[in-house]
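>>> dropping a prediction and its sequence here:
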Amino acid sequence: MPFKAGSFTEVLTQHGVARRDFLKFCGVMAGTLALPHDLQTQIASALEAPARTPVIWLEMQDCAGCSESFLRASRPSAAGVILDVLSVDYHETIMAPSGHQAEKSLNDAIAAGGYLLVVEGSIPTKDNGVYCCVAGKTALQSLEEASANAIAVVAVGNCAAFGGIPKANPNPTDAVSVMDLVTDKPVLNLPGCPVNVVNLTATVVHFLTFGALPDMDGLHRPLFAYGARIHDNCERRGHFNAGEFVKEWGDDGHRHGWCLYQMGCKGPVTYHNCPTVRWNEGVSWPVAAGHPCIGCSEPGFWERPTYVPVELHEFTPPATYPDVVKEMPAIDPTNAAVTGVVAGLVAGAAGAVAIQQLGKKDPEDEEIVED
C-alpha cells in the first residue's frame with residue numbers, strides 16, 4: 001500500500017525507534033559513507049519521503065546468506081526502517097505470496113519499472129542455464145527480464161559480484177557474475193561472504209539521498225566500503241610492524257592478539273571495511289575473534305589457499321603508520337631522518353620501513369646562507 005505522508009514517524013514509534021535514535025542512525029550512515037556529518041539532515045529527509053523505492057530481490061546460485069544478513073540489520077532494524085522506506089515487491093525468502101501470486105508480484109513490479117534490482121548468487125550459463133530455475137525460468141532469463149526496467153543493479157555477496165564458490169574450479173555450471181551479463185545498466189558490487197548489511201543499508205541510503213549509486217572502484221565496489229585494505233585498519237597491524245606473528249593456533253601470540261599473517265590472513269590483499277563496521281551490531285569481526293581474513297570480498301577468493309600466507313610483495317605498508325619495534329636503533333642526532341628495519345618478519349620479507357623526521361631546529365636557530 002502507498003506510504004502515507006507523515007506516517008514515517010508513526011512507523012518508527014511502532015517499532016520502538018525513538019526520533020533521536022533515528023537521527024543517530026542517519027549520522028552513522030553519513031559516517032559509513034564518508035560524508036560530512038551535517039548531511040545527516042539530508043539523509044533523514046530522504047528516508048522520510050512519502051514515496052517508497054521499489055525493490056526486486058532475486059536469488060540465484062546462493063546459500064541465502066546475504067538475505068539472512070539483510071534480515072539481521074539493526075540500528076534500527078530492517079523491518080523498522082529499510083523495509084518501510086523501500087517497497088520490497090519480490091523476495092522469494094521473505095515474501096508472503098507464493099506460486100502464481102508471487103510471480104504476479106514480480107511481473108507487476110517489472111512492468112511498472114523504476115526499481116532497484118538486488119541480485120544474490122551467481123548465474124549458471126552452461127546448457128542454457130538449466131541448473132538454476134524458478135517458476136519455469138532460468139536464472140539467465142530472470143536476470144535479463146528483471147534488469148530491463150531497473151534503475152540500477154546491486155549484486156550482493158561474492159557469488160553475485162564475482163561468481164563466488166559456484167564459479168570456483170571446476171565450475172561445473174559455467175557460473176558467472178552479474179556484471180558479466182548486465183552491461184547496459186549501472187551495476188554495483190557488494191562482495192563478501194555474506195554481504196555486510198551495513199554496507200547494503202548505506203548503499204540504499206546513498207541512493208535514496210542523492211538519486212545515484214556511490215562512487216565505485218574498478219571492480220564496481222563502492223569506495224566507502226572497499227576503498228582501503230583490511231590490513232591498513234586492522235587492530236593487529238602494530239604486531240605485524242613489530243614482527244609479532246601467531247605461529248600456531250593457541251600459542252602465546254594467538255592468546256595475546258598478535259598478527260595472523262603467518263596463519264594465512266589475506267588482510268594485506270583484501271579491500272573491505274570489516275575492521276571499522278564489524279559484524280553483529282559492531283561487536284566483532286573474524287580477525288578480532290582470532291581467525292585470519294579469507295579475502296571474501298575479492299575475486300576468486302575460493303581459489304586462494306585459506307591458511308597459506310600471501311606474498312609480502314603483493315602490498316606495500318603505508319608510510320602513514322608509525323614503525324613499531326621492540327628496540328629502537330641508535331639515532332645520530334645529526335641525521336635528518338632514520339630508517340628502521342623490523343626484524344622477525346617472514347623469511348624473504350624485506351621488512352616494514354618507517355621514516356621519521358628528527359630534531360628540526362627552530363627557524364631562529366638556523367644559519368642563513370647567502371649565495
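Received it, and whenever you're ready, just let me know what you need. Numbers count the residues shown, from 1 in each chain.

>>> going by C-alpha atoms from here, please, whenever you check contacts or count neighbours.
Will do.

>>> buried set for the one helix or strand residue 45 maps to?
For residue 45, the element it lies in under DSSP states H and E is helix 40-47. By neighbour count with 16 or more other Cα atoms under 10 Å, helix 40-47 contains the buried residues 40, 43-44, 46-47.

>>> and which of those residues is nearest to residue 239?
Closest approach between those and residue 239, by Cα to Cα: residue 40, at 36.5 Å.

>>> what's the spacing between the closest one and residue 47?
Note on residue 40: its distance to residue 47, by Cα to Cα, to the nearest Å, is 11 Å.

>>> same question, residue 108
24 Å.

>>> would a markdown table of the buried residues of helix 40-47 with pLDDT and distance to residue 129 be doable?
Below are those laid out as a markdown table (pLDDT from 0 to 100; distance: Cα to Cα, whole Å):
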| residue | pLDDT | distance to residue 129 |
| --- | --- | --- |
| 40 | 78 | 44 |
| 43 | 79 | 41 |
| 44 | 79 | 42 |
| 46 | 76 | 39 |
| 47 | 74 | 38 |
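
>>> can you put these in TSV and add distance to residue 165?
Formatted as TSV, the buried residues of helix 40-47 follow (distance: Cα to Cα, whole Å):
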residue	distance to residue 165
40	38
43	36
44	38
46	37
47	35
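
>>> what ranges do the strands span in the stretch 51-200 of the chain?
Using DSSP state E, counting those that start in this stretch, the strands of the stretch 51-200 of the chain run over residues 53-59, 86-91, 115-120, 123-124, 133-134, 137-138, 150-156, 175-176, 187-190.

>>> who wins for proximity to residue 305 among those?
Nearest of the strands of the stretch 51-200 of the chain (Cα to Cα): strand 175-176, 20.7 Å.

>>> so what strands line up beside the closest one?
strand 123-124 (antiparallel) (DSSP bridges).

>>> what's residue 206 in contact with, if anything?
33, 43, 212-214 (Cα atoms under 8 Å, 6 or more residues apart in numbering).

>>> how does it look with 7 Å?
Residues near residue 206 by Cα atoms under 7 Å, 6 or more residues apart in numbering: 213-214.

>>> now residue 302: how far from residue 165?
6 Å.

>>> and what of residue 217?
For residue 217 relative to residue 165 (Cα to Cα), the value is 23 Å.

>>> helices of the stretch 151-300 of the chain, start to end?
In the stretch 151-300 of the chain, the segments counted as helices under DSSP state H, counting those that start in this stretch are 157-162, 164-167, 178-181, 197-210, 223-226, 230-233, 237-241, 252-255, 274-277.

>>> tell me the most buried of the ones you listed?
helix 157-162 (a mean of 31; mean count of other Cα atoms under 10 Å).

>>> so where's the stretch 101-250 of the chain uncertain?
By pLDDT under 70, the stretch 101-250 of the chain has no low-scoring segment.

>>> so for stretch 17-27, mean pLDDT?
Regarding stretch 17-27, the rounded mean pLDDT is 77.

>>> restricting to C-alpha, output it in PDB.
Extracted C-alpha coordinates of stretch 17-27, given in PDB (Å, rounded to 0.1, in the frame of the first residue of the first chain):
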ATOM      1  CA  VAL A  17      12.600   3.500  17.500                       C
ATOM      2  CA  ALA A  18      12.800   7.000  19.000                       C
ATOM      3  CA  ARG A  19      13.300  10.000  16.800                       C
ATOM      4  CA  ARG A  20      16.700  10.600  18.400                       C
ATOM      5  CA  ASP A  21      17.800   7.100  17.600                       C
ATOM      6  CA  PHE A  22      16.700   7.500  14.000                       C
ATOM      7  CA  LEU A  23      18.800  10.700  13.700                       C
ATOM      8  CA  LYS A  24      21.800   8.800  15.200                       C
ATOM      9  CA  PHE A  25      21.200   6.100  12.500                       C
ATOM     10  CA  CYS A  26      21.400   8.900   9.900                       C
ATOM     11  CA  GLY A  27      24.600  10.100  11.500                       C
END
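
>>> and it, what's buried?
Within stretch 17-27, the residues that count as buried by 16+ other Cα under 10 Å are 17, 22, 24-27.

>>> related to what we said a few turns ago, adding distance to residue 102, write the helices of the stretch 151-300 of the chain out as CSV.
Listed next are these as CSV, based on distance: least, Cα to Cα, whole Å:
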stretch, distance to residue 102
helix 157-162, 22
helix 164-167, 26
helix 178-181, 23
helix 197-210, 24
helix 223-226, 33
helix 230-233, 40
helix 237-241, 49
helix 252-255, 50
helix 274-277, 35
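
>>> quick one: closest of those to residue 262.
The nearest among the helices of the stretch 151-300 of the chain, by Cα to Cα, is helix 237-241 at 10.0 Å.
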